[in-house]
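1. for reference, the sequence and a predicted model appear below.
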Amino acid sequence: MSFNSNFAAGNAINDNGEEWAILEPDKLQEPITITLHLSEPWLIKALAIAHRTDVRYPAFKQCYVQTPSEQFPTNELTFTQDRGVQSAMLQVPFTSQEVQVLFSQEEVFAGEGTPGLRGIMLLGCKPSDSPASQSGKRQAR
């Protein structure tokens, strides 16, 4: 999947087609959660993140990736202050049509203004295309 494609970010604000402002400063909540709605279930294996490029804006240090119904504490991803694209594999891949990315306000690198992202990329495949699925198909023959 490419950045910001094949899903809608239901609670990002100020989407100008290039980056998302995640939260208005006067409407802070804990944690900051982005829910990604996919058109069909996918096996999610990794996540890539691109922060806003302007260093005046905060960048996220860490996030958790889960579904709305299941939490995976080991799916904690850590990022550097680098403003380039960073990716990380999930400890617990999962299949879902909805993916939540949770950012703690305490895990934001210093900056002014609203924390934001240029984009999020989910890395994975359709469940039927996964190696485990292919192995099961071969054994069933």
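-> Good, I have the coordinates.

2. tell me the secondary structure at Asp82.
-> Under the three-state scheme (DSSP: H, G, I helix; E, B strand; the rest coil), Asp82 adopts coil.

3. burial of Arg83, as a residue count?
-> Counted by other C-beta atoms under 10 Å, the residues lying close to Arg83 total 15. Backbone N, C-alpha and C define where each C-beta goes, glycine included.

4. oh, I was asking about Leu122
-> The number of residues packed near Leu122 is 22, by other C-beta under 10 Å.

5. elements contacting the helix or strand harbouring it?
-> Following DSSP states H and E, one finds Leu122 within strand 116-125. On a contact count with 3 or more C-beta pairs under 8 Å, 6 or more residues apart in numbering; DSSP states H and E, strand 116-125 meets strand 20-21, strand 32-51, strand 85-103.

6. mind putting those into CSV with distance to Thr67, mean pLDDT and mean neighbour count?
-> Shown next, in CSV, are those (distance: least, C-beta to C-beta, whole Å; pLDDT from 0 to 100; neighbours: other C-beta atoms under 10 Å):
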stretch, distance to Thr67, mean pLDDT, mean neighbour count
strand 20-21, 21, 54, 20
strand 32-51, 9, 86, 18
strand 85-103, 4, 91, 17
